[in-house]
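Novice: How does the following fold in three dimensions:
(chains A and B)
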Amino acid sequence: MAALALRSNAEAWAGALTFTVHLLLLALLVFGVSWQQQKVDTAQVVELWRDLPSSAPPKEELPPPAPEAKPVPPPPQPKVEAKPPPKPEPAPKADIALRDKLEKERKLKEQAALEAEKKKLAAEKTREAELEKKKKAEADALKAKQAADADAKRVAAEQQLARDKLAAEAAASAKREVDKYLAGIQTKVRRFVLVPPSVQGNPEAEVVVTLLPGGEVLNVRVKKSSGNPAYDEAVERAVRRAQPFEVPSGELFQRNFREFTMAFRPQS
Amino acid sequence: MNATLSHDMSVLSLITGASVPVQLVMGALLLASLFSWYYIFLKIFTLRRAAQQTAEFERQFWSGADLNELYQRAGNARESSGTLERIFEAGFREFTKHRREPGADVAALMDSTRRAMRATYQREMDSLESSLSFLASVGSVSPYVGLLGTVWGIMNSFRGLANVAQATLGHVAPGIAEALIATAIGLFAAIPAVVAYNRFAGDVNRLAIRFESFSEEFSNILQRQVR
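Specialist: A predicted model of the protein is given here:
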């Protein structure tokens, strides 16, 4: 009795351990060996970047505003009219007194003239200084205005550049997307093309494919024959057999995949 | 035609997606693996127990216990007794029976005693060695069976290539992976079976040597008692 009990006990243990071992093996197979393929695109369009573009478009270095050509007015030379001193007239010998008087008068006159001259010079000087001041203020204003102008222009240019860049990036990414899908379709169709043995050389056949939004082929027609009707037909048939294709949805489809042209060669 | 370009390559889907012959092979291998593991565990337990019982009885026997007392105990607990105990019991029973007969020849007495022990020994060895041959055949055959499944799967996946113009790795790879699963299962079944077989064969051999030497020594003891 005891031995029988022991034996069946051992059998139960053996059975339980067996199942444990197999469950472990199964778990190892299922979780350890992850052969789950990522969905891969058959054709990758690779762009090489030296470094990652920062999220903000880099500030475009505009050349610093050209140094203002300072209109330097030539320093006004105070014009000193060196008037030649009036020559003493040959005194008439007629009357000495008169002559003296005349002399005196002349001297006085001369003095007055000199005085006037001096006064005039001073006035001129002040006027010139004022003019210079005014000119300088004007130049300063001009400079400030020009700087502001350049600043505004630079900002505008920067913004324009950023906008352009964004637009270009969007366009490029759309194009990449389209290229990816096109490459996928091309690869898929190529798999179904049975190249007839009569094909000579590597002629190109172009077909126009019309797709439904789900990727089904609505229509295929040969746009440019390869010169070998059998090959044209093979391509046409392959397009029909390879459907449905993977296509984007929405506008990208409407714009690029509603109707598009694809070229095929027997050997790519 | 499947629209997706990717293949589901998890192990489970590979197994369920395999062709019928390959699945049959996998099923057979799984069964073989289950049984071989079951026997492996069963053998581990029984051999360990046999070794324990042998050691225990040897200790009792060589510690100078009375032979009659040992015989009584062995006869009472026949169901739970170990191999060595049974050999001893069979030999001693034959010896006492034969001895009571008048005019017994010593040589004939010892011969019949030894024969009785030999018979018990062989029966016991047979039960100890049972299912070792199963492990041996699983270990040697299941890789071939797995290989058969693989070859079949690969043949199928190549035949599928015939109507494709441009053969790419993507066409063959899933079929081959699927087929290789069969080999993997075969190896999973075979490796433990081979290891266990070698281990158990060694263990049983050592036990057999212990049994044989014990029966020889016990015969000597009995022969000394006759005189």
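Novice: pull the longest helix from chain B.
Specialist: With residue count as the measure and DSSP state H as the assignment, chain B has helix B:169-226 as its longest helix.
Novice: what ranges do the strands span in chain A?
Specialist: Remark: strands assigned in chain A by DSSP state E are A:205-211, A:217-224, A:259-264.
Novice: most tightly surrounded among those strands?
Specialist: Here the criterion is mean neighbour count by mean count of other C-beta atoms under 10 Å in any protein chain shown, and of the strands of chain A the winner is strand A:205-211, at a mean of 19. Quick note: C-beta positions are derived from backbone N, CA and C, even for glycine.
Novice: pull the CA atoms of that strand into PDB?
Specialist: Taking Å, rounded to 0.1, in the frame of the first residue of the first chain, the C-alpha atoms of strand A:205-211 are listed here in PDB:
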ATOM      1  CA  ALA A 205       7.200  50.700 -70.100                       C
ATOM      2  CA  GLU A 206       5.200  53.500 -68.500                       C
ATOM      3  CA  VAL A 207       1.800  52.900 -67.100                       C
ATOM      4  CA  VAL A 208      -0.800  55.200 -65.700                       C
ATOM      5  CA  VAL A 209      -2.500  53.700 -62.700                       C
ATOM      6  CA  THR A 210      -5.800  55.000 -61.300                       C
ATOM      7  CA  LEU A 211      -6.400  54.000 -57.700                       C
END
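Novice: can you tell me which residue is nearest the centre of chain A?
Specialist: With distances taken as C-alpha atoms, centre = their mean, chain A has residue A:165 as the residue nearest its mean C-alpha position (3.6 Å).
Novice: ok, that residue to residue A:158 distance?
Specialist: Using C-beta to C-beta, to the nearest Å, one obtains 10 Å as the distance from residue A:165 to residue A:158.
Novice: So which residues on the stretch 101-250 of chain A come close to chain B?
Specialist: Residues of the stretch 101-250 of chain A that fall close to chain B, judged by C-beta under 8 Å from any C-beta of the partner chain: A:184, A:188, A:190-195, A:215, A:241-246.
Novice: Low-confidence ranges, the chain, go.
Specialist: No chain was given, so I picked chain A. When the per-residue scores of chain A are filtered using pLDDT under 70, the ranges that remain are A:1-7, A:33-96, A:268.
Novice: wrong chain, I was asking about chain B
Specialist: Counting by pLDDT under 70, chain B contains low-confidence residues at B:1-9, B:104, B:165, B:227.
Novice: 90 instead?
Specialist: Of all residues in chain B, those with pLDDT under 90 make up the ranges B:1-23, B:60-83, B:96-110, B:130-131, B:152-182, B:184-185, B:188, B:221-227.
Novice: just the buried members of the residues of the stretch 101-250 of chain A next to chain B?
Specialist: When those are checked for burial by 16 or more other C-beta atoms under 10 Å in any protein chain shown, the buried set is A:184, A:188, A:190-195, A:215, A:242-243, A:245-246.
Novice: now, among those, which is nearest to residue B:27?
Specialist: residue A:191 (33.9 Å; C-beta to C-beta).
Novice: Thought residue B:168 was touching the closest one, still the case?
Specialist: Yes - counting by C-beta atoms under 8 Å, residue A:191 touches residue B:168, with 7.3 Å between them.
Novice: what does stretch A:167-174 rub up against?
Specialist: Here stretch A:167-174 makes contact (C-beta atoms under 8 Å, 6 or more residues apart in numbering or on different chains) with residue A:252.
Novice: roughly how far is that stretch from the heart of the chain?
Specialist: The chain centroid and the centroid of stretch A:167-174 are separated by 11 Å, computed with C-alpha atoms, centre = their mean, to the nearest Å.
Novice: ok, so what distance separates the residue nearest the centre of chain B from residue A:170?
Specialist: Here the mean C-alpha position of chain B is nearest to the C-alpha of residue B:132 (C-alpha atoms, centre = their mean), at a distance of 2.5 Å. If you measure residue B:132 against residue A:170 using C-beta to C-beta, the figure is 73 Å.
Novice: Next: residue A:179.
Specialist: 15 Å.
Novice: Looking only at neighbour counts, state which of these two leads.
Specialist: For residue A:179 versus residue A:170, the count of surrounding residues by other C-beta atoms under 10 Å in any protein chain shown is larger for residue A:179: 14 against 10.
Novice: Please name the bridge partners of the closest residue to residue A:259 other than its chain neighbours.
Specialist: Once flanking residues are discounted, residue A:259 sits nearest to residue A:210: 4.8 Å by C-beta to C-beta, 6 or more residues apart in numbering or on different chains. Each beta-bridge partner of residue A:210 is listed here: residue A:219, residue A:259, as defined by DSSP bridges.
Novice: Check whether residue A:210 really touches residue A:258, as I assumed.
Specialist: Yes - the pair residue A:210 and residue A:258 qualifies as a contact (C-beta under 8 Å) at a distance of 7.0 Å.
Novice: Quickly note the distance from the residue lying closest to residue A:230 once chain neighbours are set aside to chain B.
Specialist: Across the structure, with C-beta to C-beta, 6+ apart as the measure, the residue nearest residue A:230 apart from its sequence neighbours is residue A:196 (4.0 Å). Counting by C-beta to the nearest C-beta, to the nearest Å, the gap from residue A:196 to chain B is 10 Å.
Novice: So what's the residue count around residue A:196?
Specialist: The number of residues packed near residue A:196 is 14, by other C-beta under 10 Å.
Novice: can you check residue B:14 too?
Specialist: The number of residues packed near residue B:14 is 23, by other C-beta under 10 Å.
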